[in-house]
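Engineer: no sequence on this one, just coordinates:
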């Protein structure tokens, strides 16, 4: 198995994913400070600076988080990450994704997810996603990419209380049957 990085810069025609740095906090918080961003997420108060700080610290701790740049404007669009690589199961998770509302419905999320999947499927067979039980927007979006709901689990996000999440999966062979 070749070694791989879960925080290598990634790029396509729409987005640039750069490893998240501590110095990105204020830029990312400017996007995250809108309560609408978190309205369907399990932890709806992440728009508050101190709550977002915990979220950001978890992102830094993961060593797999990215700042998402909109290539058309150069603006910070949001953040996402790879996490919880499981060598035995040959799987990884993608999640903790959020975008500023001005990027909703413009194809940014499917473009970023495809970019991440194309990269990580060089190394793993299964990608999982934790999506909050009430986050219908993300459930629909991930289903459009071919993910299947496979489980329901309580997830304790870094520094936050446990919440019910649906587990979706995409398998490498299923993702590339164009």
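Structural biologist: Looks like it came in fine. Fair warning: this is a prediction, and the values are worked out from it, not measured in the lab. Residues are numbered from 1 along each chain as shown.
Engineer: how about the strand or helix carrying residue 92: buried residues?
Structural biologist: Using DSSP states H and E, the element containing residue 92 is strand 91-99. Neighbour-count burial for strand 91-99, counted by 16 or more other C-beta atoms under 10 Å, picks out 91-99. All C-beta atoms are positioned from the backbone trio N, CA, C, and that covers glycine.
Engineer: from the residues you listed, which is closest to residue 166?
Structural biologist: The nearest member of the buried residues of strand 91-99 to residue 166, counting by C-beta to C-beta, is residue 95 at 11.5 Å.
Engineer: Please give me every residue in contact with the closest one.
Structural biologist: Residue 95 makes contacts with 80-81, 83, 129-131, as judged by C-beta atoms under 8 Å, 6 or more residues apart in numbering.
Engineer: Including neighbour count and secondary structure, could those go into TSV?
Structural biologist: Below are these laid out as TSV (neighbours: other C-beta atoms under 10 Å; DSSP: H, G, I helix; E, B strand; the rest coil):
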residue	neighbour count	secondary structure
80	25	strand
81	23	strand
83	20	strand
129	22	strand
130	22	strand
131	26	strand
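Engineer: still on that earlier bit, in a markdown table: the buried residues of strand 91-99, plus pLDDT.
Structural biologist: Formatted as a markdown table, the buried residues of strand 91-99 follow (pLDDT from 0 to 100):
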| residue | pLDDT |
| --- | --- |
| 91 | 96 |
| 92 | 97 |
| 93 | 96 |
| 94 | 96 |
| 95 | 92 |
| 96 | 92 |
| 97 | 94 |
| 98 | 95 |
| 99 | 96 |
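Engineer: so where do the helices sit in this protein?
Structural biologist: Along the chain, counting by DSSP state H, helices occupy 25-32, 49-62, 108-120, 136-144, 172-175.
Engineer: can you give me the mean pLDDT across the shortest one?
Structural biologist: Helix 172-175 shows an average pLDDT of 72 in the prediction.
Engineer: Equivalent analysis for the third one, please.
Structural biologist: Averaging the model's pLDDT scores along helix 108-120 yields 96.
Engineer: Which positions in that helix come out as buried?
Structural biologist: Neighbour counts over helix 108-120 (16+ other C-beta under 10 Å) mark 108-109, 111-113, 115-117, 119-120 as buried.
Engineer: Nothing else from me, thank you.
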